[in-house]
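Colleague: This is the structure alone, sequence omitted:
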C-alpha cells in the first residue's frame, strides 16, 4: 500500500489553485441522473470519491465520457438499473443519495448502507424521514435499503437537526415531485447552493427563503446543461494552515472569501495575516498566532471538517485553545497521534445548558466514552512518527503536523487522503514541502 514520507521544517511558499469541491462534485453527478439528456460538468476534482461515484453511475447503465481531465459528460438516457452494486455502495458515503434520482426515474431503488469515513454516527434517519414525507416507501432487506414509490409528491418537511446531505437528498427528490415541497431547517452550506444553482440551470424551480427554508416547485422535466463545480473550501483551509504552521507564504487561487467567512474571522482573532485580492487569498506568516476557541456548527458556523486541521494550528499557537466538536459524535481519533507527536492535549466534555439543541448529532447515538472537546496548549514542538490514517481530514491533519514536525513522519492508509484531495503530495511538493509518495 502507498505511504507518504514527510520531513518537516521547510516553509511552504508559492501559488496553488483549488480543485473542484469534493462535497459538490459527486453530488452534482448524482443529481444529473434526474435528466434524461446529457450533462457536462467541469472543474471536477480528480479524487477517489468522484471516481467511485462515476463507477456507480456506469453500473446503473449510464454512459460517462471524459471531455478532458476535469470535465465529464454524463448521458443518463439509458438508465437501465435501479440497484447500486453492493461492493461499490459499501465503499461510498454517497450511496444513499442515489435513492432520490432512482425513485424519480425508475420508481424504485436498491442501495447498500453507505460506507466511508469512521468519524461517528451520521444519522440517515433524517434523510429517510424526508423521503417518506414525499411518499417513498423505504425498508431494510438483505443488507440493502429498498425504496419504492408510484409518484413522489410535494410535502412540507422539517429537519429535527440540520443535515447537509439530508437537505441535498430531499432537494433532488423534490425537483420532479408533483406539487410544492418546503424544507424547513434546511442546510445552508455553499455546496447546497451549488446544487441548487445546478438544478435551476437545468430547469428546476428552487428558491431559498429566510429562516433556513427552501421551497421547491416540482417540474415535469429537466434539460441538458453544462455547469462548473465550485472550488473546494476545505482545500483552501488546508493549504492556508500549511502556510502558518510552516511559517510560509501561500497564495490560493480561486478561493472564495464568502465561503470562508468563519475561518477568516478566527484567523483575525488569532492575529494571522492574509490578503484578499481579486480571485485569490494570500496567507502568510508574520508572527506567532494566539490561541482561540472553536466550536463546530453547521454553516455559517465553523465547519466540522476544519476542526482537525485547526487543531494542528493550535499546537503551534501561543496559549490554550478550546476546541468543541458539536457536529459529530467521534471526530478526535487523530488527536491521539498528535499527542504521540508531542502535542499537549487534554480532553473534556463541555456542559451546555441544553445538550439536545447544542449538539447537531442525535444524543442517543453518542457513547459515554466519547469526548467532545479538547484543550490544546502551545506552542509545542512536534516530532515525526509513523501513523495510520483513519479518514480524509485526519489524514490531511497528520500530514500538516508532519510538515511542522522535526524528523520524519510516515503516513500509511493514505487512500483516505486520496478520497478528498487531488495529488496531495504533488501539490505540497510544488510549494516546497519535503514530501514523497512511495508504493
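Modeller: Received the coordinates, thanks. As the structure is a computational prediction, the values presented were derived from the model and not from experiment.
Colleague: Any buried residues in stretch 77-86, and which?
Modeller: Neighbour-count burial for stretch 77-86, with 16 or more other C-beta atoms under 10 Å as criterion, is recorded at 79, 82, 83, 84, 85. Glycine gets a C-beta too; all of them are placed from N, C-alpha and C.
Colleague: of all those, which comes closest to residue 365?
Modeller: The shortest approach to residue 365 among those belongs to residue 84, at 24.3 Å (C-beta to C-beta).
Colleague: Once you drop chain neighbours, what's closest to the closest one?
Modeller: Of all residues not flanking residue 84 in the chain, residue 111 sits nearest, at 4.2 Å (C-beta to C-beta, 6 or more residues apart in numbering).
Colleague: State the helix or strand in which that neighbour lies.
Modeller: Taking DSSP states H and E as the criterion, residue 111 maps to strand 108-112.
Colleague: pretty sure the residue nearest to residue 84 contacts residue 145?
Modeller: Yes - assessed by C-beta atoms under 8 Å, residue 111 is found in contact with residue 145 at 5.2 Å.
Colleague: Touching both of the two, which residues are there?
Modeller: Taking C-beta atoms under 8 Å, 6 or more residues apart in numbering as the contact criterion, the common neighbours of residue 111 and residue 145 are 96, 99.
Colleague: Out of the two, name the residue with the larger neighbour count.
Modeller: residue 111 (26 against 23; other C-beta atoms under 10 Å).
Colleague: what's in contact with the strand holding residue 111?
Modeller: The set of residues external to strand 108-112 that reach it, using C-beta under 8 Å, 6+ apart, is 82-84, 86, 89-90, 95-96, 98-99, 102-103, 143-149.
Colleague: Strands of the stretch 251-400 of the chain, start to end?
Modeller: 273-277, 280-284, 294-295, 319-324, 344-348, 373-378, 386-388 (DSSP state E, counting those that start in this stretch).
Colleague: before we move on, the earlier item: whichever helix or strand comes after the strand holding residue 111: which residues count as buried?
Modeller: Sequence order places helix 125-133 as the next helix or strand after strand 108-112, per DSSP H and E. Buried residues in helix 125-133, defined by neighbour count with 16+ other C-beta under 10 Å: 126, 127, 128, 129, 130, 131, 133.
Colleague: and the contacts of strand 108-112, which are buried?
Modeller: When the contacts of strand 108-112 are checked for burial by 16+ other C-beta under 10 Å, the buried set is 82-84, 89-90, 95-96, 98-99, 102-103, 144-149.
Colleague: Any regions of the stretch 51-200 of the chain where pLDDT drops low?
Modeller: Screening the stretch 51-200 of the chain residue by residue with the criterion pLDDT under 70, one finds the ranges 114-123.
Colleague: Show me this structure divided up by domain.
Modeller: Taking automatic domain parsing as the domain assignment, the ranges for the chain are 3-19+231-438, 22-228.
Colleague: can you map out the helices along the stretch 151-300 of the chain?
Modeller: For the stretch 151-300 of the chain, the helices identified by DSSP state H, counting those that start in this stretch occupy 164-175, 190-201, 233-245, 261-270, in order along the chain.
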